[in-house]
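Q: how would this look folded up:
(one chain, ligands or ions: 2)
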Amino acid sequence: MKRYFLVLLLAVSGNSLADGMLQRDCASCHNITGPVAQTLKKAFAKKGPDLSYAGNKYRQEWLVSWLQKPTRIRPAGMYYGDHIKPGAKSDEIDPATLKDHIAISNADAAAVAAELMKLKPHDDLIAKEKIEPGSIDKQMGEMNFDKFWGCMACHLIEPEYGGMSGPELYTVAKRLQPEFIASFIRNPQAWEPKTWMPNKGASSGSIQKFVQYFEVLGKESANAK
Ligand code: HEC
Ligand code: HEC
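A: Ligands and ions are numbered 1, 2, ... in the order given. Okay, here's the model as predicted:
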């Protein structure tokens, strides 16, 4: 009985420690409690991506490892225009204006990730997505992504290949839950009303192909390491 109580106490205090850390070390840049930005002004004032629906979005194991060793996801930071300088041929990113993300210890990362995974305000949107098993040829996937749908204007599909105003997508399959990827492509504004990612009206079949293509890219970037 005594031991049971101790375990319970530890579990409870562990949670509130992680919650305290989120409030203390993360909330200055991330929205954790919601709601997401509803006006352009609020969207532009964001210092980091919204984490209030983290449990619907991320893969927990990715969170744990990335928080210990963060890599850049948005090549030009939150707002492309803030980190651009004129280059010889075209605009270039000015890396001096981009700051590295804070890294936290293994134990803190595990606790914070577990806390973030509880934030699931959009189980309804996730429940609408069904991921079919299957694969796509890499070249077909790229043609679909680039030529047919124009997604490459904003997204990298290799570390230095593609657009730079959105998050890179060559590790997206490792980062995000497939149902979230599908749901976000289906209707980005259902998640982020003021995002500039367009709703291109992709059919469920096309969305499956995007998800499969990101799987192919993810496997490739894992092999490269
Ligand atoms: C100084 C501001 C700042 C602080 C403090 C900060 N972050 Fe971030 N965070 C950012 C920015 C900016 C990005 C986008 C990085 C990128 O795209 O490369 C980011 C990205 C992330 C991501 C990936 C989000 C995504 O969808 O791409 C996670 C998860 C995250 N932060 C969690 C945390 C946690 C947990 C803490 C506290 C321990 C924290 N951050 C503290 C600014 C911050
Ligand atoms: C005009 C630029 C633009 C175009 C075109 C675009 N996106 Fe995006 N996309 C974004 C931005 C910006 C985000 C980040 C969402 C946010 O937080 O506002 C994003 C987010 C995403 C995400 C989630 C990634 C993450 O880490 O949060 C996926 C998946 C995605 N886009 C896929 C696509 C696909 C597939 C297409 C083509 C049908 C496409 N995008 C076209 C700008 C774009």
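
Q: quick check: what element follows the host helix or strand of Glu61 along the chain?
A: Under the assignment given by DSSP states H and E, the secondary-structure element containing Glu61 is helix 60-68. Downstream of helix 60-68, the first helix or strand assigned by DSSP H and E is strand 84-86.

Q: which residues sit against that following strand?
A: Outside of strand 84-86, the residues within contact range by C-beta atoms under 8 Å, 6 or more residues apart in numbering are Ala76, Asp91, Glu92, Ile93, Asp94. For every residue, glycine as well, the C-beta is placed using N, CA and C.

Q: so what secondary structure elements neighbour the following helix or strand past it?
A: Scanning forward in sequence from strand 84-86, with DSSP H and E defining helices and strands, the next element found is strand 91-93. Here strand 91-93 touches strand 84-86, going by 3 or more C-beta pairs under 8 Å, 6 or more residues apart in numbering; DSSP states H and E.

Q: just checking: what are the partner strands of the strand it packs on?
A: strand 91-93 (antiparallel) (DSSP bridges).

Q: next SSE after the partner strand?
A: Beyond strand 91-93 on the C-terminal side, the first helix or strand identified by DSSP H and E is helix 106-116.

Q: just give me how far that next one sits from the chain centre.
A: The offset between the C-alpha centroid of helix 106-116 and the centroid of the whole chain comes to 17 Å, using C-alpha atoms, centre = their mean, to the nearest Å.

Q: sort out which residues of that helix are buried, please.
A: Judged by neighbour count using 16 or more other C-beta atoms under 10 Å, the buried positions of helix 106-116 are Asp108, Ala109, Ala110, Ala111, Val112, Ala113, Ala114, Glu115, Leu116.

Q: any idea which of the contacts of strand 84-86 is least confident?
A: Model confidence across the contacts of strand 84-86 bottoms out at Asp91, which has 77.

Q: quick check: residues of this protein near ligand 1?
A: The chain has residues 25-26, 28-30, 47-49, 63, 67, 72-74, 78, 101-102, 104, 112, 167 near ligand 1, with proximity defined as C-beta under 6 Å from any ligand atom.

Q: rerun that using 5 Å as the cut-off
A: When proximity is defined as C-beta under 5 Å from any ligand atom, the chain approaches ligand 1 at Asp25, Cys26, Cys29, Gly48, Pro49, Arg72, Ile73, Arg74, Val112.

Q: can you redo those as CSV with pLDDT?
A: Written out in CSV, the entries for those read as follows (pLDDT from 0 to 100):
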residue, pLDDT
Asp25, 96
Cys26, 97
Cys29, 96
Gly48, 96
Pro49, 97
Arg72, 95
Ile73, 97
Arg74, 95
Val112, 97
